[in-house]
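Trainee: One predicted model, sequence on top.
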Amino acid sequence: MKKTRYNYSVVKLGDKGVKTQIINGTEYVFIDKPYWDKAKKQNRHVRDYVGKIGEDGEFIPSKKYLARLKKESGDEQELKELIASKKFFGATHLLDNIGNITGVERDLKESFGKEFGKKIMSLAYFLILEGESSMYRFKKFAKTHHHPCGEVLSSQRISDIFADISENEKMLFFKKRTKRCLENEYLAYDITSISSYSEIMDQVKYGRNKDLENLPQINLAMIFGEESMLPTYYRKMPGNINDVSTIKKLLIDIDFLGLKKIKFVLDRGFYSADNINSLYRNRYHFIVAGRANTTLYRETIEQYREDIKNFTNYSIENDIYCISKKDIWKYEYLNKKSEKMFSNKKIYIHVYYDGIRAEGEKRDFIKKLKSAEDAYNSGYCSDSQKELCSKYFVVSGRSSAVSLVVDQTAVNEHMKKFGYFMLLSNHITDPHMAISIYRRKDVVEKTFFNIKNRLDMKRSKVSTEESLEGKLFVQFVALIYISYIHQIMLKHNLYKNYSMASLLDELDIIESFEYQGKKRHTSEITTKQEDIFRYFDVTI
């Protein structure tokens, strides 16, 4: 007997009684069935929902409607054979488990609602697995991969999702994340820039980013737990705001999140008397790197320049010389009458000397001087090179016979500071502990690198304020997953054999097969894939 494919599209738009309704951004199809209500003696209507409209305008029947067709057709076996799917499963299965382990899945659902939270996770999965692919390619990804929301979202729908992510929901999510991660951790805090050519967004301003590009940009400030290595909060700022001026606003936000006993670790970009006063005022513990252009830094380094190199001050563990002193910080504040007042606060100053670092700084400095000298002699000298020449060279000769002679005294004086640096803390008395905590802060720089490259944030590609805010949040969610993967890969030395991309690719080729009425099963899983899942405590 010849089999015939049953026509699922029995319901057609335009037929009598067939209508659609948009619910939470999805267009659903229903059959309007009128009937006579004998009790109320009036015409009534009931809606029989039978499916939804896909992004290409096609009718997608619901499982319930298909089951009804199957029963009515009497061709049950044929329908079972037709209702089947094959999708990539392995990498998204890993992400499902990470979302559960870290609590991200629960926090998103409680903050945004179950269905909307799933959409955010699906978009985050796409960013993680597809790297720098544009969001319009999500359609292909969704059709070939298992993912939380299970929907094929159009580019317009994705833009709508970005715009629908509210500030209130984001802050609720941040509060949940910080409660999970940060009560007993140091907070690493840093800022990166994201270039954008949009003329619409208010916070896009010209600024010089850390890649030394002078472009219109926004700044993104983010905090991480140094132990968990997971990001917990971020804030978008205008592109022309510098690091020093951000701490006060950050402390207001942290206070709103309800965190207690916070401990900050900050690089020298955030060093200022005003910032340190703010940290004292809010009773936060901190470690902050000193800035070389301050009087305190210069005087302290000069005080310990020679003594620090004594044998007894060498730390084998950190491969560095260190020495400390307890000092007084002149804490400035305003009293109830808004009068400026001062009081003494204890502070611990830790001084370090690294001979290898000193030689590296010396080599780089000499190269810059030689380059500036050559540029001056060739007549093509930049402003920064002219400034170097004026500081460290003396002009000799007249007219065409002019030449530069190095001022060795000035050069030697400048190189005296090479290899030294300083940390200040209001609670860490041990210089070895202080440098260990500070060095862990490099997780921030590494993670920002992941943001810009793995998550396609080197340049902003949205044109409205709402879409940018929403996309940044989805990228932030993706960053939590990436940071967790990075942590496990470090723990088990997986970078020896994999990059993060190749590890995810290794799992991504695992397929799952589904047939109506049958249990889902996967394709063969190799020993390599089993090992990766085991490192992440994931079972199939």
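Mentor: Here it is on my side, so go on. Every value quoted in this text rests on a predicted model; they were computed, and no experiment measured them.

Trainee: And the strands in the stretch 201-350 of the chain?
Mentor: Per DSSP state E, counting those that start in this stretch, the stretch 201-350 of the chain carries strands over the ranges 205-208, 214-225, 231-238, 263-266, 285-289, 314-315, 320-334, 340-353.

Trainee: From Glu514, how far out is Asp267?
Mentor: Distance, Asp267 to Glu514, using C-beta to C-beta, to the nearest Å: 50 Å. Quick note: C-beta positions are derived from backbone N, CA and C, even for glycine.

Trainee: next one: Leu127
Mentor: Leu127 sits at a distance of 25 Å from Glu514 (criterion: C-beta to C-beta).

Trainee: The two - which one has more neighbours?
Mentor: More neighbours surround Leu127 than the other of Leu127 and Glu514, with 24 against 15 (other C-beta atoms under 10 Å).

Trainee: Contact partners for Arg180?
Mentor: Neighbour list for Arg180: 102-103, 107, 232 [criterion: C-beta atoms under 8 Å, 6 or more residues apart in numbering].

Trainee: let's go with 7 Å and repeat that
Mentor: Arg180 sits next to Gly103 when contact means C-beta atoms under 7 Å, 6 or more residues apart in numbering.

Trainee: can you give me phi and psi for it?
Mentor: When read as degrees, to the nearest 10, the backbone of Arg180 gives phi -70, psi -40.

Trainee: Local confidence estimate at it?
Mentor: At Arg180, the model reports a pLDDT of 79.

Trainee: what does Lys461 give?
Mentor: pLDDT recorded at Lys461 is 53.

Trainee: Also the one 3 residues further on?
Mentor: Thr464 carries a pLDDT value of 59.

Trainee: same check, this time on the one 4 residues further on
Mentor: According to the prediction, Leu468 has pLDDT 79.

Trainee: I'd like the distance between it and Tyr321.
Mentor: Per C-beta to C-beta, Leu468 is found 47 Å from Tyr321.

Trainee: Specify the angle between the longest helix seen in the chain and strand 231-238 in degrees.
Mentor: Secondary structure of the chain read by DSSP state H shows that its longest helix is helix 465-491. Relative orientation of helix 465-491 and strand 231-238, computed by axes from the mean of the first three to the mean of the last three C-alpha atoms, to 10 degrees: 140 degrees.

Trainee: now helix 465-491, how far from the chain's geometric center?
Mentor: Centre-to-centre, helix 465-491 and its host chain are 4 Å apart (C-alpha atoms, centre = their mean, to the nearest Å).

Trainee: From Tyr136, how far off is Arg157?
Mentor: Distance, Arg157 to Tyr136, by C-beta to C-beta: 11 Å.

Trainee: and these two? which has more neighbours close in?
Mentor: Remark: of Arg157 and Tyr136, Arg157 carries more neighbours, 17 against 11, as counted by other C-beta under 10 Å.

Trainee: helix or strand for that one, which one?
Mentor: Arg157 belongs to helix 155-164 when assigned by DSSP states H and E.

Trainee: can you state the direction angle for that helix and helix 465-491?
Mentor: Angle of helix 155-164 versus helix 465-491, following the same axes, to 10 degrees, is 90 degrees.

Trainee: helices and strands around helix 155-164, which ones?
Mentor: Here helix 155-164 touches helix 465-491, going by 3 or more C-beta pairs under 7 Å, 6 or more residues apart in numbering; DSSP states H and E.

Trainee: 8 Å instead, please
Mentor: helix 114-130, helix 138-144, helix 465-491 (3 or more C-beta pairs under 8 Å, 6 or more residues apart in numbering; DSSP states H and E).

Trainee: which of the residues in the longest one are buried?
Mentor: Okay, so that is helix 465-491. Going by neighbour count (16 or more other C-beta atoms under 10 Å), the buried part of helix 465-491 is 465-486, 488-489.

Trainee: List the buried residues for the very next helix or strand once past that helix?
Mentor: Per DSSP H and E, the first helix or strand lying C-terminal to helix 465-491 is helix 500-508. For helix 500-508, the neighbour count (16+ other C-beta under 10 Å) marks 500, 503-504, 506-508 as buried.

Trainee: what do you get for stretch 311-324?
Mentor: Neighbour count says stretch 311-324 has 313, 320-324 buried, by 16+ other C-beta under 10 Å.

Trainee: a markdown table please, covering these and showing pLDDT.
Mentor: Putting these into a markdown table (pLDDT from 0 to 100) gives the following:
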| residue | pLDDT |
| --- | --- |
| Asn313 | 93 |
| Ile320 | 93 |
| Tyr321 | 95 |
| Cys322 | 95 |
| Ile323 | 95 |
| Ser324 | 95 |
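
Trainee: Switch the residues you listed over to a markdown table; also include distance to Pro148.
Mentor: As requested, the buried residues of stretch 311-324 are exported to a markdown table (distance: C-beta to C-beta, whole Å):
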| residue | distance to Pro148 |
| --- | --- |
| Asn313 | 55 |
| Ile320 | 47 |
| Tyr321 | 52 |
| Cys322 | 49 |
| Ile323 | 54 |
| Ser324 | 51 |
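
Trainee: Taking those residues, tell me the two that lie furthest apart.
Mentor: Ile320 and Ser324 (12.8 Å; C-beta to C-beta).

Trainee: least trustworthy helix or strand in this protein by mean pLDDT?
Mentor: In the chain, the helix or strand scored least confidently by mean pLDDT, DSSP states H and E is strand 205-208, which has a mean of 40.

Trainee: now the stretch 101-250 of the chain, which segments are flagged as low pLDDT?
Mentor: Applying pLDDT under 70 to the stretch 101-250 of the chain flags the ranges 131-133, 182-185, 192-217, 237-246.

Trainee: let's go with 90 and repeat that
Mentor: 130-137, 139-140, 143, 150-157, 159-160, 163, 167, 175-250 (pLDDT under 90).

Trainee: Export the helices and strands packed on helix 155-164 to a markdown table and append columns for distance to Ser384.
Mentor: Listed next are those as a markdown table, based on distance: least, C-beta to C-beta, whole Å:
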| stretch | distance to Ser384 |
| --- | --- |
| helix 114-130 | 38 |
| helix 138-144 | 44 |
| helix 465-491 | 33 |
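
Trainee: and of those, who's closest to Asp37?
Mentor: Of all the helices and strands packed on helix 155-164, helix 114-130 sits nearest to Asp37, with 32.8 Å by C-beta to C-beta.

Trainee: so the closest one versus helix 465-491, what angle?
Mentor: Here helix 114-130 runs at an angle of 60 degrees relative to helix 465-491 (the same axes, to 10 degrees).

Trainee: tell me which strands and helices helix 114-130 is in contact with?
Mentor: With contacts taken as 3+ C-beta pairs under 8 Å, 6+ apart, helix 114-130 sits against helix 90-102, helix 104-112, helix 138-144, helix 155-164, helix 465-491, helix 500-508.

Trainee: Pro34 is nearest to which of the ones you listed?
Mentor: Per C-beta to C-beta, nearest to Pro34 of the helices and strands packed on helix 114-130: helix 155-164, 32.3 Å.

Trainee: who's in contact with the closest one?
Mentor: Contacts for helix 155-164 (C-beta under 8 Å, 6+ apart): 25, 55, 116, 119-120, 123, 135-136, 138-139, 153, 462, 464, 466-471, 474.

Trainee: Stretch 527-540 now?
Mentor: 90, 93-94, 97-98, 101, 488, 491-492, 494, 503, 506-507, 510, 522, 525.

Trainee: Give me the distance between the strand or helix carrying Glu361 and the centre of its chain.
Mentor: Glu361 belongs to helix 355-378 when assigned by DSSP H and E. Chain-centre distance of helix 355-378: 35 Å, with C-alpha atoms, centre = their mean.
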